[in-house]
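A.B. asks: My questions concern the predicted model and sequence given below.
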Number of protein chains: 2
Amino acid sequence: MRALAVEDDARIADDLAAALTAAGFRVELTNDGEDAWFLGDTEAYDLVVLDLGLPGLDGLAVLKRWRANDRTMPVLVLTARGTWQERVEGIEAGADDYLPKPFRMEELVARARALVRRAGGHAGALQEAGDLSLDTNRMGVALRGLPVQVSALEYRLLAYLMQHRDRPVPPTELLEHLYGDDDSREANALEAVIARLRRKMGPGVIGTRRGFGYFLEQA
Amino acid sequence: MRALAVEDDARIADDLAAALTAAGFRVELTNDGEDAWFLGDTEAYDLVVLDLGLPGLDGLAVLKRWRANDRTMPVLVLTARGTWQERVEGIEAGADDYLPKPFRMEELVARARALVRRAGGHAGALQEAGDLSLDTNRMGVALRGLPVQVSALEYRLLAYLMQHRDRPVPPTELLEHLYGDDDSREANALEAVIARLRRKMGPGVIGTRRGFGYFLEQA
DNA sequence: CCGTGCCTGTCAGCTTGCTGTCAGGCTGAC
DNA sequence: GTCAGCCTGACAGCAAGCTGACAGGCACGG
């Protein structure tokens, strides 16, 4: 974890660096607004602790310029001024949290951890088998990187095959999963769906093991 | 956006509901810890405001049980007790933010907005998708920079689509977040809102993936 | 207290494209 | 060879979604 601390009071800066380092961050320090803006704009930090009272360039202005530039790292704002208007202003400028001075280092560390924890929670859900990949979040299908248009039913079928890509899935199981227990459908319905998918994606994607079921061809 | 407010002081609860509603949330209230736990565990909220001093079940315990159960919605904790130790404890229990009583409603709303923004992966108050941009601070909508007049309901819909702009949002989910579970509405109500929005904003803004849901068209 | 205007849910009719069925052909297993 | 299992193109039915019209509800101002 990489952290940037922007603080012009040398003594507080030292304490900050010590506390964040102890918490497992690799800390960089600066006491100048211009510097801070440049670093935050060009480097990839997991966390920024930003003091508002700065020489050079005001902290709020720095923050706004970052946000306007799509820099989305978590920013924890420090300030000596503590009125609620200023806190609201800071948060609306794009701060993720706001801590009035004086504060306890323990609290700062706890909040810093919470921010980093929250920022980390965006994992991509990509599943692959051979040339085929499906994005379970976006509900999208791609073949060799090229998007393929599929219907909801077709997608569910692919998703189920993907989930069980280590074995052939028997038609009965697929039917049950796609339609539930109401066996009103002819078994042929499933074959039709498979055929349509194969027409869209060409051969070498969905395989058949006669008597066992369907599967996704691996690389 | 759907919010749960857990607060046993009736007067504060009313104020909370009013402020959050004005900020564009659909608010549900409870004053009981057990209730709160059940709701938060079974319903899909975009934000929870949680008071710690509760009858039934302590707020911190509720929060911990949610987190242990993988409920990851943003939680903003309120408390009368304000020592830094308690704040640290709250954050380590899984709170995303912490506000000591007494507080200003303006600040709470600002923090609530920041939390929801961050949960969607965005830092600033301005969120964009294609030609559309939302100002979450002012509840304003603009198309190619020109302001568009939308109703509160329409705004909530756009905000929710914006929040989840990386995937198509199924109608059932939209209905739940706009109206709650009282399925007194015909499904067609949603389609009517979509149609009205499309008439205001023209084509190329709200897209449909048949069988999957609605989404905001990207650049 | 009464209009007025806006918001929003319901309804009916329509378009669109998904999907099950059918008929017929193909093929691997025995 | 023969048969069950599987494939495929065509087609019609149907459900998801769209839209314009309308009316009840609610806030607001007079």
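C.D. replies: Cool, got the structure. Residues are numbered from 1 along each chain as shown, chains lettered A, B, ... in the order given.
A.B. asks: use CA for all of it now, contacts and neighbours both
C.D. replies: Fine.
A.B. asks: quick check: domain ranges of chain A?
C.D. replies: Each domain of chain A is listed here as a residue range: A:2-119, A:126-216, per automatic domain parsing.
A.B. asks: Which positions in chain A make contact with chain B?
C.D. replies: Where chain A comes near chain B, counting by C-alpha under 8 Å from any C-alpha of the partner chain, the residues are A:67-68, A:71-74, A:84-85, A:87-88, A:91-97, A:104, A:106-107, A:110-111, A:114-115, A:118-119, A:122, A:137-139, A:151-152.
A.B. asks: Please identify which of the domains of chain A is closest to B:Asp35.
C.D. replies: With distances scored as C-alpha to C-alpha, the stretch of the domains of chain A nearest to B:Asp35 is domain A:2-119 (25.7 Å).
A.B. asks: For that closest one, what is the distance to the chain centroid?
C.D. replies: Mean C-alpha position of domain A:2-119 versus that of the full chain (C-alpha atoms, centre = their mean, to the nearest Å) differs by 22 Å.
A.B. asks: ok so, going back, most tightly packed of the domains of chain A?
C.D. replies: Stretch with highest mean neighbour count among the domains of chain A: domain A:2-119 (a mean of 19; mean count of other C-alpha atoms under 10 Å in any protein chain shown).
A.B. asks: What mean pLDDT does that one get?
C.D. replies: Confidence over domain A:2-119, taken as the mean pLDDT, stands at 88.
A.B. asks: Quick check: which of the domains of chain A is nearest to DNA strand C?
C.D. replies: Taking C-alpha to the nearest atom of the strand as the criterion, domain A:126-216 is the member of the domains of chain A that comes nearest to DNA strand C, at 3.5 Å.
A.B. asks: check whether the closest one contacts DNA strand D.
C.D. replies: Yes: in terms of C-alpha under 7 Å from any atom of the strand, part of domain A:126-216 sits within range of DNA strand D, namely A:171, A:188, A:191-192, A:194-195, A:198-199, A:207-213.
A.B. asks: Please identify which of these is nearest to A:Ala19.
C.D. replies: Each of the residues of domain A:126-216 next to DNA strand D was checked against A:Ala19 using C-alpha to C-alpha; the closest is A:Gly207, at 57.3 Å.
A.B. asks: Next, the contact list for that closest one, please.
C.D. replies: For A:Gly207, the set of contacting residues under the criterion of C-alpha atoms under 8 Å, 6 or more residues apart in numbering or on different chains consists of A:Tyr214, A:Phe215, A:Leu216, A:Glu217.
A.B. asks: The second one should be in a strand, yeah?
C.D. replies: What it means is A:Phe215. Yes: according to DSSP: H, G, I helix; E, B strand; the rest coil, A:Phe215 belongs to a strand.
A.B. asks: What residues are bridge-paired with it?
C.D. replies: Bridge pairing for A:Phe215 (DSSP bridges) gives the partners A:Gly207.
A.B. asks: thinking again about what came up before, so which of the residues of domain A:126-216 next to DNA strand D are also by DNA strand C?
C.D. replies: Counting by C-alpha under 7 Å from any atom of the strand, the members of the residues of domain A:126-216 next to DNA strand D near DNA strand C are A:Asn188, A:Ala192, A:Arg210.
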